[in-house]
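Student: okay, structure incoming, though there's no sequence with it:
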């Protein structure tokens, strides 16, 4: 019981440390999704030119941070006409270039890891685009599109089918601060939390258990911590593999990254581990359902290589600039609640979350939540959205 309490106390300390950052990140993401229509995203992702991939990455960074939702959304964009490479760039950015991930990395690991995320993410996307250019054949893409159109579903399929952007014309601010804009923001905010909460809780519990129960000596040996060169070579290779078998994706793998960093994995290994949230075994199975076995294997190999390349280049760049922090300074949060800036920020952002939750509950949100994980009925969602906008109300807000 003492061991369990110790693990739970670490989990609680980490949770308290990152609560305000999560709320801030999801709120900013909800604001963007509330005013950017899905049809606009599809129109901008029609090819795989460098400029298009930059746009795809920017739109992804402003979108969902749930790995399952990102995978389902990328498939939805692909089915509606987006280029496959651009859809994959959007998917990667949706989980690895989001604001909340950067803030949490800074809080738990240091600003250097946040900088590495935003440097390594574009490197990974560029590496993946090059691999696609040289090795991805048109016939494989055609087969993947045929498989995607068969309607086999994975997690968060209903969530991906919902376009909850606010209707109407006018400036960004005018649409955002309108009643329908407020409703759309609240709906996206709550549903993003619903999509990520399972992985976040599991990740925090796993990190707390490993930090409390696995001795540092095991990790030091596993990551060759006493051999600097071997550690730098081994880290980016093993990091994605550890992520694959951890079953924890998106923001939920950051607490575990803290444990691995303290245990001796290299700087580049941490970055490769964080980027591998889209290669966990359940998501690989979803790739198989969405695009077929051959494309799933292709995505596994190409994504793994891109993550390894990003990890190595980040290690070389940040090491050459002297920006890699000392692992001896790594600390896993273990302190309880105290009245410092973290507590005040948590209180402020919890009030914001409460206001958005109340709006969600008062505007038909629970019914949407029940639909979120279900497969959408063919044509129903698109028709419902079109009719709602024609009538001048938010598509998921019957009383607006």
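Tutor: Everything's here; your move. Since the model is a prediction, treat every value here as computed from it, not as a measurement.
Student: could you use CA atoms for every contact and neighbour count after this?
Tutor: Will do.
Student: list the buried residues of the helix or strand hosting residue 8.
Tutor: Residue 8 is part of helix 2-35, with elements assigned from DSSP states H and E. Using 16 or more other CA atoms under 10 Å as the test for burial, helix 2-35 gives 6-35.
Student: show me what it is packed against.
Tutor: Under the contact criterion of 3 or more CA pairs under 8 Å, 6 or more residues apart in numbering; DSSP states H and E, helix 2-35 touches helix 99-108, helix 172-176, helix 179-213, helix 341-362.
Student: packing partners of the following helix or strand past that helix?
Tutor: Using DSSP H and E, the helix or strand that directly follows helix 2-35 along the chain is helix 38-44. Helix 38-44 is packed against helix 50-61, with contacts defined by 3+ CA pairs under 8 Å, 6+ apart.
Student: any idea how far residue 15 is from residue 73?
Tutor: Per CA to CA, to the nearest Å, residue 73 is found 28 Å from residue 15.
Student: ah, wrong one, I meant residue 45
Tutor: 36 Å.
Student: same check, this time on residue 8
Tutor: With distances taken as CA to CA, residue 8 is found 10 Å from residue 15.
Student: with residue 4 instead?
Tutor: 16 Å.
Student: and what of residue 231?
Tutor: Using CA to CA, residue 231 is found at 30 Å from residue 15.
Student: what's the answer for residue 277, then?
Tutor: Per CA to CA, residue 277 is found 20 Å from residue 15.
Student: now residue 256
Tutor: Applying CA to CA to residue 256 and residue 15 gives a distance of 13 Å.
Student: which neighbours do the two share?
Tutor: Between them, residue 256 and residue 15 share these contacting residues under CA atoms under 8 Å, 6 or more residues apart in numbering: residue 204.
Student: report the mean per-residue pLDDT for the helix or strand harbouring residue 256.
Tutor: Using DSSP H and E, residue 256 sits in helix 254-263. Helix 254-263 shows a mean pLDDT of 86.
Student: which secondary structure elements does it contact?
Tutor: On a contact count with 3+ CA pairs under 8 Å, 6+ apart, helix 254-263 meets helix 99-108, helix 179-213, helix 216-222, helix 267-275.
Student: could I get the average pLDDT for the helix or strand just after the last one?
Tutor: Scanning forward in sequence from helix 267-275 by DSSP H and E, the next helix or strand is helix 281-291. Model confidence over helix 281-291 averages 87 on the pLDDT scale.
Student: before we move on, what about stretch 34-41?
Tutor: 71.
Student: same deal with stretch 201-220?
Tutor: Rounded mean pLDDT across stretch 201-220 is 80.
Student: list of residues touching it?
Tutor: So stretch 201-220 is contacted by 3-4, 6-11, 14-15, 225-226, 248-249, 252-256, 259-260, 262-265, 332 (CA under 8 Å, 6+ apart).
Student: residue closest to the middle of this structure?
Tutor: The centroid of the chain falls nearest to residue 95 when counting by CA atoms, centre = their mean (2.3 Å).
Student: that one against residue 67, yeah?
Tutor: Yes. If you go by CA atoms under 8 Å, residue 95 and residue 67 touch, sitting 5.9 Å apart.
Student: now the stretch 1-150 of the chain, which segments are flagged as low pLDDT?
Tutor: Along the stretch 1-150 of the chain, segments meeting pLDDT under 70 span 33, 36-38, 64-65.
Student: can we see that at 90?
Tutor: The stretch 1-150 of the chain contains residues with pLDDT under 90 at 1-46, 59-82, 94-96, 98-110, 148-150.
Student: list the contacts of residue 270.
Tutor: 235, 236, 239, 257, 260, 261, 311 are the contacts of residue 270 under CA under 8 Å, 6+ apart.
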